[in-house]
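Asker: sequence-free structure coming up:
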């Protein structure tokens, strides 16, 4: 396992959640459900990116 200080892969979850929140603010007036959906999509993409980054660090 990579050193905790060197592994920044968990930052992807928070970053993509903020991206989802920003995209959701665009849709808030048209449909609040789209805001929730974009936040969940951001969390999901962050989890996928985190798993890809973690696998790449473990392979090294």
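Answerer: Good, I have the coordinates. Please read all numbers here as calculations on a predicted model, not as lab measurements.
Asker: mind listing the helices for this structure?
Answerer: 11-27, 32-59 (DSSP state H).
Asker: Where does pLDDT dip in the chain?
Answerer: 1-7, 59-60 (pLDDT under 70).
Asker: can you do 80?
Answerer: In the predicted model of the chain, residues 1-10, 55-60 satisfy pLDDT under 80.
Asker: Would you point out which residue is most central in it?
Answerer: Residue closest to the average C-alpha location in the chain (Cα atoms, centre = their mean): residue 46, at 2.3 Å.
Asker: Go ahead and confirm residue 28 touches residue 38.
Answerer: No. Under the criterion of Cβ atoms under 8 Å, residue 28 is not in contact with residue 38, lying 9.8 Å apart. Quick note: C-beta positions are derived from backbone N, CA and C, even for glycine.
Asker: And these two? Which one has more around it.
Answerer: More neighbours surround residue 38 than the other of residue 28 and residue 38, with 20 against 11 (other Cβ atoms under 10 Å).
Asker: what residues are up against the residue nearest to the more buried one when sequence neighbours are not counted?
Answerer: Closest residue to residue 38 apart from its sequence neighbours, by Cβ to Cβ, 6 or more residues apart in numbering: residue 24 at 4.0 Å. When contacts are counted by Cβ atoms under 8 Å, 6 or more residues apart in numbering, residue 24 touches 34, 35, 36, 37, 38, 39.
Asker: Just put the residues you listed in TSV and tack on distance to residue 12.
Answerer: Output for the contacts of residue 24, formatted as TSV (distance: Cβ to Cβ, whole Å):
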residue	distance to residue 12
34	23
35	21
36	20
37	19
38	16
39	15
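Asker: Buried ones among these?
Answerer: When those are checked for burial by 16 or more other Cβ atoms under 10 Å, the buried set is 35, 38, 39.
Asker: got the contact list for the first one?
Answerer: This points to residue 35. 24, 25, 27, 28.
Asker: if I look at the closest residue to it other than its chain neighbours, how far off is residue 33?
Answerer: Of all residues not flanking residue 35 in the chain, residue 24 sits nearest, at 3.4 Å (Cβ to Cβ, 6+ apart). Computed as Cβ to Cβ, to the nearest Å, the residue 24 to residue 33 distance reads 10 Å.
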